[in-house]
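Enquirer: here is the input, now give the coordinates:
(chains A and B)
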Amino acid sequence: MKRILAVLQIILLLAILFMLYSPLAKIGLLPSLGSIFHTQQPRIDETPVIIQQVKNIAQMFTQTFYDEYVYDTGIIRTPLLSVNKRLIFIAKGEVISGFDLSELSEKSIIRRDKSIVVKLPPARILDVVINPSGFDTFIEEGEITFEESKKFHEDARRIFDRNARDKGILKNSTEQGRQMLEKFFRLLGFETVDIIIQQG
Amino acid sequence: MNADPQKKSRARKRLLTLGAVILALLAVNLAIPRKKVPPYVGVRTLKDLAELATIEYSVTKIVSYKDVAWYGDRKILFEAAATVKAGIDLNELTDQDIKLDNDSTVTISLPAPKILLFNMKPENMREIFNESGILRSDFSNQEKDGLLSQGEKDIRAKVAGMDILQRAARNARILVESWLKKMGFEAVRVVFKDQRGRP
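Expert: Here you go, the predicted model:
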């Protein structure tokens, strides 16, 4: 009986210690017990990087738009016995715009002595970049599959594209392209430079 | 003889006190919400660029991870794809880098090529295998992102060791030569500066 009481007392004392620690860990004053026991970061296996395609391109990047966005899926209702799902993540990345110069033809450049006329295609969005390191999960509730998460990530990319267009990335891109080429042709000794950019 | 019942009642009292303390602490624990750091959203900014991308590599990598423990394993396998573009930064071009000998001969010193863009699109990623033991939790979205981030880091490092910069330089030379010839220059010489910007 004595021994049982002593063991009970030890268990209760340990429970008290745990309960004193737990609220301090919750408010961030002490590390959580989970983080104490799982200090090692998982390491992926060593595998090769395979080149699938090499493409010669001629793209002139003239504008970049850095963005950060908090994506909230809202509560996703699931069948009665399953837990509802919700994912909130922060996406960080950039949108790059400019000109595809591979569309230039013989007729796009006209030179007359110290004058030059260059016709460029319209500026367009060339890349929307949000890499895996640019996604930061904030809240994850319920079981979210990889395919579902991919759909949300793709949606975040569409939002970045829209935000960049709303901020006037194409207009700025056109102007920067004009200034950049004017400067370049003047360095080449041309006195009159005319850059004609098609409207998108 | 009377000592035993007294000891027993003292022990019971102590247990009751401890029990009461535990209940009080349990209430405190339940009342305190878990600390959540509010997400920080930075400023959206537009910035001018003057870069000429001349080569694009499409690469793939299998990202695999095995979490082995005595109480069960977890294994996951992804196929990840990335696009890498390299070229030259024309912002580094100065007046001294273009030398005109006469109206038909030009020498241009281009900056050293570099990787300009790295893109791992979600639509090009695939989860091939995912299995967790009965006593193990499934891989969370955060864990999957963490593993893919490691894959991203590895692809960046390995692509930098490939011949992408040499090819970017070769293409930049071909492009600039062909444009300048279209503009009427008969002799065009393209040279590259080193990483420190020296010819």
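
Enquirer: all helices of chain A, in order?
Expert: Secondary structure of chain A by DSSP state H: the helices cover A:2-26, A:33-37, A:146-166, A:169-187.

Enquirer: in the first one, what's buried?
Expert: The one in question is helix A:2-26. For helix A:2-26, the neighbour count (16 or more other CB atoms under 10 Å in any protein chain shown) marks A:12, A:15, A:19, A:21, A:22, A:23, A:25 as buried. Where you see a C-beta, it was placed from the backbone N, CA and C, and this is true even at glycine.

Enquirer: the fifth one against residue B:29, yeah?
Expert: By that I understand residue A:22. Yes. Assessed by CB atoms under 8 Å, residue A:22 is found in contact with residue B:29 at 5.3 Å.

Enquirer: worst-scoring helix or strand of chain A, pLDDT-wise?
Expert: helix A:33-37 (a mean of 60; mean pLDDT, DSSP states H and E).

Enquirer: residue B:140 against residue A:141, yeah?
Expert: No. If you go by CB under 8 Å, residue B:140 and residue A:141 don't touch, sitting 10.5 Å apart.

Enquirer: and the buried residues of helix A:2-26 near chain B, which?
Expert: Subset of the buried residues of helix A:2-26 in contact with chain B: A:12, A:15, A:19, A:22, A:23, counting by CB under 8 Å from any CB of the partner chain.

Enquirer: now render those residues as TSV, adding pLDDT.
Expert: Putting those into TSV (pLDDT from 0 to 100) gives the following:
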residue	pLDDT
A:12	79
A:15	81
A:19	78
A:22	75
A:23	73
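
Enquirer: chain center to the strand ranked longest in chain B: distance?
Expert: Longest strand in chain B by number of residues (criterion: DSSP state E): strand B:45-67. How far strand B:45-67 lies from its chain's middle: 9 Å, per CA atoms, centre = their mean, to the nearest Å.

Enquirer: going toward the C-terminus from it, what's the next helix or strand?
Expert: Moving toward the C-terminus from strand B:45-67, the next helix or strand (DSSP states H and E) is strand B:74-89.

Enquirer: which other helices and strands contact the next helix or strand after that next one?
Expert: Going down the chain from strand B:74-89, the next helix or strand is strand B:98-102, by DSSP H and E. Helices and strands touching strand B:98-102, by 3 or more CB pairs under 8 Å, 6 or more residues apart in numbering or on different chains; DSSP states H and E, are strand B:105-110.

Enquirer: and the strand it packs on, C-alpha only, in PDB?
Expert: C-alpha atoms of strand B:105-110 as PDB (Å, rounded to 0.1, in the frame of the first residue of the first chain):
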ATOM      1  CA  THR B 105      33.600  47.700 -86.700                       C
ATOM      2  CA  VAL B 106      32.600  47.200 -83.100                       C
ATOM      3  CA  THR B 107      34.000  45.400 -80.100                       C
ATOM      4  CA  ILE B 108      31.700  44.700 -77.200                       C
ATOM      5  CA  SER B 109      32.700  43.400 -73.700                       C
ATOM      6  CA  LEU B 110      29.700  41.600 -72.100                       C
END
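
Enquirer: run me through the strand neighbours of that strand, direction for each.
Expert: Using DSSP bridges, the strands paired with strand B:105-110 are strand B:98-102 (antiparallel), strand B:187-192 (parallel).

Enquirer: got a list of what the residue nearest to residue A:90 when sequence neighbours are not counted touches?
Expert: Leaving aside its sequence neighbours, residue A:90 sits nearest to residue A:136 (CB to CB, 6 or more residues apart in numbering or on different chains; 4.4 Å). Residue A:136 is in contact with A:89, A:90, A:91, A:92, B:39, B:145, counting by CB atoms under 8 Å, 6 or more residues apart in numbering or on different chains.

Enquirer: beta partners of the third one?
Expert: Using DSSP bridges, the bridge partners assigned to residue A:91 are residue A:69, residue A:135.

Enquirer: doesn't residue A:9 make contact with residue B:14?
Expert: Yes. The criterion here is CB under 8 Å, and residue B:14 meets it with residue A:9 at 6.7 Å.

Enquirer: mind listing what's buried along the worst-scoring helix or strand of chain B on mean pLDDT?
Expert: Ranked by mean pLDDT, DSSP H and E, the weakest helix or strand in chain B is helix B:3-31, scoring a mean of 79. Neighbour counts over helix B:3-31 (16+ other CB under 10 Å) mark B:11, B:18, B:21, B:22, B:25 as buried.

Enquirer: how about stretch A:144-152?
Expert: A:144, A:146, A:149, A:150, A:152.

Enquirer: who's in contact with it?
Expert: A:71, A:73, A:85, A:87, A:89, B:122, B:123, B:125, B:127, B:130, B:141, B:144.

Enquirer: for residue B:46, state which of those residues is nearest.
Expert: residue A:71 (21.4 Å; CB to CB).

Enquirer: and for that closest one, the neighbour number?
Expert: Residue A:71 has 17 neighbours, counted by other CB atoms under 10 Å in any protein chain shown.

Enquirer: ditto for residue B:64
Expert: 18.

Enquirer: quick one: low-confidence residue ranges for chain B.
Expert: In the predicted model, chain B carries pLDDT under 70 at residues B:1-3, B:33-43, B:196-199.

Enquirer: my error: substitute chain A in the last question.
Expert: Using pLDDT under 70, chain A drops low at A:1, A:26-28, A:31-40, A:200.

Enquirer: domain map for it?
Expert: Using automatic domain parsing, the domain parsing of chain A gives A:1-39, A:50-197.

Enquirer: among the ones you listed, which comes closest to residue B:109?
Expert: domain A:50-197 (11.6 Å).

Enquirer: could you measure from residue B:5 over to residue B:15?
Expert: Noted for residue B:5: a distance of 15 Å to residue B:15, by CB to CB, to the nearest Å.

Enquirer: quick one: stretch A:46-53 near chain B?
Expert: Yes. Interface with chain B: stretch A:46-53 contributes A:47, A:48, A:49, A:50, A:51, A:52, A:53 (CB under 8 Å from any CB).

Enquirer: may I see the buried residues of that stretch?
Expert: Neighbour count says stretch A:46-53 has residue A:49 buried, by 16+ other CB under 10 Å.

Enquirer: got the contact list for that stretch?
Expert: Contact partners of stretch A:46-53, identified using CB under 8 Å, 6+ apart, comprise B:56-64, B:81, B:154-155, B:158-159, B:162.
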